[in-house]
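> Fold the following, please.
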Amino acid sequence: MLDLLPFIFQDEWPEPANEKAKKLMSVLSLKKEDFDPRGDFKFPNSRGHIQIRGKMEYFQPNSDWVRVGLRCCDRNQPSSHLFFRRRYDNGNNDWLRMDRNKNEWAVGFHGSTQEGTQSVTQTRVFKAGQRQLYSNDIDTNKLSDNFGRPCGVGIYFSAEVEISERYSQFKIDGAKCVLQVRIKPDKTRVPERKQGYRIINDPEYIRPYGLCLKVGNNNNNIERPVVNRHSTLPSHRQQPAHTQGRNTTQTTYPGQTQTPSTYDSWCVLQ
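So this is what the prediction gives:
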């Protein structure tokens with residue numbers, strides 16, 4: 001494990017983040033190959049950040065959180081050229097981009113137990129729970145191929161990490177751990193009573209790519225209603241009061257371009 005740490009866990013992270021991140025591998029019984037340092041990220045904004053992925057809105061976590069990248073794009077380096085081999089879509093990684101291309105997937109968060117998190121990180125497969133509180137709610141996602149019909153049984157995600165944090169029963173030295181995933185927009189159901197929730201009926205349309213750790217203590221964990229730009233919400237709620245104080249502009253961070261042509265820096269601003 002030690003040979004992995006210098007590059008998979010970031011020197012610029014606050015020390016509590018590094019200490020907790022270093023324990024993930026052993027606690028979850030993962031191997032070096034299960035991680036990808038390109039996905040490591042320290043979320044920069046103290047109030048979080050409204051983002052769009054796959055034409056759906058979500059809230060990037062605030063600076064209390066860091067992410068440890070999970071391998072989701074296979075790679076090797078036969079020479080000086082970095083390229084990707086197949087994991088999803090025969091090697092087409094448009095789903096993971098952040099340039100609003102037509103194949104880009106949306107973002108979701110998922111809180112679980114240690115056993116559940118371990119199962120997902122080892123197999124990359126999610127299983128539906130038993131409660132299914134909103135399965136009969138009408139799907140309000142206009143991008144969905146199920147729009148206007150009941151959401152159905154599925155796996156539950158949220159559009160902001162603070163909601164999923166409440167459901168997480170997995171901690172590393174007291175730091176909550178939440179999975180970050182991409183979800184296919186036309187397979188994403190948004191229940192009418194919980195606009196911040198995302199329901200996926202088929203686990204084939206869920207791709208985990210990071211483990212988020214809450215290492216700060218901002219206590220910013222109040223659920224805020226999320227506006228899905230493709231739902232049936234009235235237009236006067238397109239900029240709700242809960243977004244006041246959040247950064248709502250697209251920001252370019254070091255190493256990122258607005259339309260990245262490769263995945264050398266796919267981790268930035270996700």
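
> contacts, neighbours, all on C-alpha from now
Fine.

> give me the element Phe109 is part of.
Secondary structure from DSSP states H and E places Phe109 in strand 106-110.

> outside of the helix or strand just after that strand, which residues touch it?
Counting by DSSP H and E, the next helix or strand C-terminal to strand 106-110 is helix 114-123. With contact meaning CA atoms under 8 Å, 6 or more residues apart in numbering, helix 114-123 is reached by Leu28, Ser29, Leu30, Asp34, Leu70, Val125, Phe126, Gln169, Phe170, Lys171, Leu179, Pro208.

> you'd agree Asn201 is up against Asp186?
No - counting by CA atoms under 8 Å, Asn201 does not reach Asp186; the two are 11.2 Å apart.

> Could you tell me which of the contacts of helix 114-123 are located in strands?
Using DSSP state E, the subset of the contacts of helix 114-123 located in strands is Lys171, Leu179, Pro208.

> May I ask which two of the contacts of helix 114-123 are separated the most?
Spatial extent of those (CA to CA) is set by the pair Asp34 and Gln169 at 21.9 Å.

> can you count the residues close to the closest residue to Leu30 other than its chain neighbours?
Closest residue to Leu30 apart from its sequence neighbours, by CA to CA, 6 or more residues apart in numbering: Gln122 at 7.0 Å. Per other CA atoms under 10 Å, the neighbour tally for Gln122 reads 14.

> any idea how far Asn201 is from Gln122?
Per CA to CA, to the nearest Å, Gln122 is found 21 Å from Asn201.

> Compute the first-to-last residue distance for stretch 122-129.
Stretch 122-129 end-to-end distance (CA to CA) = 18 Å.

> And stretch 109-126, by the same measure?
By CA to CA, the extent of stretch 109-126 from end to end equals 12 Å.

> For it, buried residues please.
Buried residues in stretch 109-126, counting neighbours by 16 or more other CA atoms under 10 Å, are found at 109-112, 114, 116-121, 124, 126.

> for stretch 28-45, same thing?
For stretch 28-45, by 16+ other CA under 10 Å, it's Phe35, Asp36, Pro37, Arg38, Gly39, Asp40, Phe41, Lys42, Phe43, Pro44.

> now, which of the residues you listed lie within strands?
Taking DSSP E, the ones among these that sit in strands are Phe41, Lys42.

> Can you add pLDDT and distance to Gly91 and give the buried residues of stretch 28-45 back as JSON lines?
Output for the buried residues of stretch 28-45, formatted as JSON lines (pLDDT from 0 to 100; distance: CA to CA, whole Å):
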{"residue": "Phe35", "pLDDT": "83", "distance to Gly91": "18"}
{"residue": "Asp36", "pLDDT": "82", "distance to Gly91": "16"}
{"residue": "Pro37", "pLDDT": "80", "distance to Gly91": "19"}
{"residue": "Arg38", "pLDDT": "81", "distance to Gly91": "17"}
{"residue": "Gly39", "pLDDT": "85", "distance to Gly91": "17"}
{"residue": "Asp40", "pLDDT": "87", "distance to Gly91": "21"}
{"residue": "Phe41", "pLDDT": "88", "distance to Gly91": "23"}
{"residue": "Lys42", "pLDDT": "88", "distance to Gly91": "27"}
{"residue": "Phe43", "pLDDT": "92", "distance to Gly91": "27"}
{"residue": "Pro44", "pLDDT": "90", "distance to Gly91": "30"}
